[in-house]
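Participant: Here is a sequence with its predicted model. Questions after.
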Amino acid sequence: MTTSDKPQMKNRIEEASSSMSPEQESAIRILANELHRVNEAVANCVQNGLSVELQRVKRVHSDEGYWGDMIVPIIVKQR
């Protein structure tokens with residue numbers, strides 16, 4: 001991401017968050033916290049001699065047309 005991309009990204013995030021319901025904001029906070037834990041776990045695997053790729057295995061859909069990617073880790077031991 002270049003420096004010129006950052007203001008655009010910040011504006012999109014602020015715009016999206018200003019139109020979210022409290023339930024949506026809570027769901028995003030939960031996701032952000034869990035992703036932080038996943039990132040820490042990936043870093044821990046890397047520090048212990050593993051390569052990790054997160055791969056989409058399916059996409060979940062709602063009746064209203066929303067979707068989300070479901071992922072699994074692909075692990076490669078290198079030592």
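Facilitator: Looks like it arrived, so ask away. Numbering: from 1, shown residues only.

Participant: buried ones in stretch 38-46?
Facilitator: For stretch 38-46, a neighbour-count test (16 or more other C-beta atoms under 10 Å) marks 42, 45 as buried. (Glycine included, C-beta is placed from N, CA and C.)

Participant: any idea how far the residue nearest to the spatial centre of the chain is from residue 29?
Facilitator: For the chain, the residue nearest the mean C-alpha position is residue 35 (5.5 Å; C-alpha atoms, centre = their mean). Going from residue 35 to residue 29 by C-beta to C-beta, to the nearest Å gives 11 Å.

Participant: if we can go back for a sec, doesn't the residue nearest to the centre of the chain lie inside a strand?
Facilitator: No - Residue 35 is assigned helix when assessed by DSSP: H, G, I helix; E, B strand; the rest coil, not a strand.

Participant: For residue 49, see how far away it is.
Facilitator: 23 Å.

Participant: Check which helix or strand the closest residue to residue 55 other than its chain neighbours maps to.
Facilitator: Of all residues not flanking residue 55 in the chain, residue 74 sits nearest, at 5.3 Å (C-beta to C-beta, 6 or more residues apart in numbering). Here residue 74 sits within strand 67-77, counting by DSSP states H and E.

Participant: For the protein, just list every one of the strands.
Facilitator: Ranges of strands in the chain, per DSSP state E, are 50-61, 67-77.

Participant: what lines up beside the longest one in the sheet?
Facilitator: Just to be clear, that refers to strand 50-61. strand 67-77 (antiparallel) (DSSP bridges).

Participant: Give me the contact list for the strand it pairs with.
Facilitator: 42, 45, 49-61 (C-beta atoms under 8 Å, 6 or more residues apart in numbering).

Participant: ok now that strand, how far from the chain's centre?
Facilitator: 11 Å (C-alpha atoms, centre = their mean, to the nearest Å).

Participant: pull the CA atoms of that strand into CSV?
Facilitator: Listed next in CSV are the C-alpha coordinates belonging to strand 67-77 (Å, rounded to 0.1, in the frame of the first residue of the first chain):
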residue,chain,number,x,y,z
TRP,A,67,-20.8,-13.4,2.0
GLY,A,68,-17.7,-14.3,3.9
ASP,A,69,-14.7,-16.5,3.1
MET,A,70,-14.0,-19.6,5.3
ILE,A,71,-10.3,-20.4,5.5
VAL,A,72,-8.0,-23.3,6.6
PRO,A,73,-4.3,-23.3,7.2
ILE,A,74,-1.9,-25.2,4.9
ILE,A,75,1.2,-26.1,6.9
VAL,A,76,4.6,-27.0,5.5
LYS,A,77,7.4,-28.2,7.9
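
Participant: Many thanks, I have nothing further to ask.
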